[in-house]
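Visitor: how would this look folded up:
(one chain, ligands or ions: 1)
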Amino acid sequence: MIILENQNMGRYTTIGIGANAKILVIVESAKEITDIMNKHPNAKVIGNGSNILVANKVDIVIKLGPTLPSAKSLTYYRNKFAVEGKSGMEFSIGIPATLGGAIKTNAGGKYGSMSDVISTIVCLQNGKNIVHKPVFGYRHSDIEGIILDAQFKLRDDDPQNILSRSKDILYAKSNQQPLSQESAGCIFKNALNYSASYLIEESGFKGKLINNVQISGIHANFFHSTKTTTVTDILKTIDIVKEKVLKEMDIELIEEIEIW
Ligand SMILES: Cc1cc2nc3c(=O)[nH]c(=O)nc-3n(C[C@H](O)[C@H](O)[C@H](O)COP(=O)(O)OP(=O)(O)OC[C@H]3O[C@@H](n4cnc5c(N)ncnc54)[C@H](O)[C@@H]3O)c2cc1C
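Guide: Below you'll find the model as predicted:
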């Protein structure tokens, strides 16, 4: 177990800025997680921090160390399964998530989502390992506790076909999303009949610098920080965008990112 004090959470989140954690613990086993949770039941868990903005100081954050299956990246699993001739994870190319974070948030999009490929998970709940069959919704799962591992449901296919599908999806995504720039992915969930990016674009924000936050010119639901952007700037920009979309489009945007 590695215990680090006063860690700036910008280092542990893909948006690159954030408040501090008093303590960040990197754990390598279920026993270590249980020990921490027994002492700090409100400790927060972070994967790759690609869906989180740490806006306020947090007391204790648990980061799962890379030896735990749920802390490995989707890239690791996608590549492993492709070589084994197991198809299903191609949709996940471009999503910079750990397996645990991706399952918890049911990450995905128009090419598929975690709910298509996960059958059961092993989850640590109240100090016990539980096998659970998750119920998934849009960017949501019913999972309580900490995901340790998962069982996949995949189809057999030729490795070359799998790799070529992943490549095609990456090509399509990289024309539609700013994958190489720091961000927390989509800030808002899509509304019932409209994508959030369409609503933001129609409200005039696409490609604009709003309150020191750069709204992507490629996909208006991605926000980027500049060298001087603060967490408060991002929170204010979220409010500005929500207010205008509500006023002009009569739709209330709901955050997809988690704000701690
Ligand atoms: C460039 C970019 C592209 C993106 N594209 C997409 C996309 O196409 N589709 C999409 O859905 N999202 C996308 N995202 C958002 C993000 O990658 C997903 O939400 C992802 O699933 C978050 O995984 P993570 O490991 O970073 O989790 P984190 O952001 O660290 O955590 C997310 C949530 O999961 C919880 N969590 C993390 N690990 C565990 C665990 N082991 N057990 C229990 N709970 C856990 C955390 O407490 C938190 O509540 C994108 C983000 C970026 C930066």
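Visitor: C-alpha from now on. contacts and neighbour counts both.
Guide: Noted.
Visitor: Now for residue 14: which residues touch it?
Guide: Neighbouring residues of residue 14 by C-alpha atoms under 8 Å, 6 or more residues apart in numbering: 48, 49, 50, 51, 182, 183, 184.
Visitor: can you give me the strands in the stretch 101-250 of the chain?
Guide: 108-109, 112-113, 118-125, 128-132, 136-137, 140-141, 146-152, 155-156, 209-210, 213-215, 223-225 (DSSP state E, counting those that start in this stretch).
Visitor: for those strands, which one ends up most surrounded?
Guide: Highest mean neighbour count of these: strand 223-225, a mean of 24 (counted as mean count of other C-alpha atoms under 10 Å).
Visitor: Residue numbers of the protein in contact with the ligand?
Guide: Residues of the chain found near the ligand (C-alpha under 6 Å from any ligand atom) are 14, 44-52, 70, 94-98, 100-102, 104-105, 107-109, 145-148, 179, 183-185.
Visitor: Name only those of those residues that count as buried.
Guide: Among the residues of the chain next to the ligand, those classed as buried by 16 or more other C-alpha atoms under 10 Å are 14, 44-52, 70, 94-98, 100-102, 104-105, 107-108, 145-148, 179, 183-185.
Visitor: Which of those residues fall in helices?
Guide: Among these, DSSP state H puts 100, 101, 102, 104, 105 in helices.
Visitor: Throw those into TSV and include distance to residue 37 and pLDDT, thanks.
Guide: Listed next are those as TSV, based on distance: C-alpha to C-alpha, whole Å; pLDDT from 0 to 100:
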residue	distance to residue 37	pLDDT
100	17	98
101	18	98
102	22	98
104	18	98
105	21	98
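Visitor: ok, now which ones touch the residue nearest in space to the middle of the chain?
Guide: Centroid check for the chain by C-alpha atoms, centre = their mean gives residue 51 as the closest residue, at 3.6 Å. By C-alpha under 8 Å, 6+ apart, the residues touching residue 51 are 13, 14, 184, 185, 256, 257, 258.
Visitor: rerun at 6 Å
Guide: 184, 257 (C-alpha atoms under 6 Å, 6 or more residues apart in numbering).
Visitor: what's the distance between it and residue 104?
Guide: According to C-alpha to C-alpha, to the nearest Å, residue 51 stands 11 Å off from residue 104.
Visitor: same deal with residue 78?
Guide: Distance from residue 78 to residue 104, by C-alpha to C-alpha: 18 Å.
Visitor: again, but for residue 158
Guide: Counting by C-alpha to C-alpha - residue 158 and residue 104 are separated by 29 Å.
Visitor: pLDDT below threshold where in this structure?
Guide: Along the chain, no part satisfies pLDDT under 70.
Visitor: any idea how it splits into domains?
Guide: Here the domain assignment for the chain is 2-64, 69-174, 196-259, based on automatic domain parsing.
Visitor: Out of those, flag the one nearest residue 189.
Guide: Residue 189 lies closest to domain 196-259 among those, at 4.9 Å (C-alpha to C-alpha).
Visitor: What's the end-to-end length of that closest one?
Guide: One end of domain 196-259 sits 18 Å from the other (C-alpha to C-alpha).
Visitor: quick revisit: let's have the domains of the chain in CSV, adding distance to residue 189.
Guide: Output for those, formatted as CSV (distance: least, C-alpha to C-alpha, whole Å):
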stretch, distance to residue 189
domain 2-64, 12
domain 69-174, 8
domain 196-259, 5
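Visitor: Which one of those domains lies nearest to residue 190?
Guide: Across those, closest to residue 190 is domain 196-259 (C-alpha to C-alpha), at 4.6 Å.
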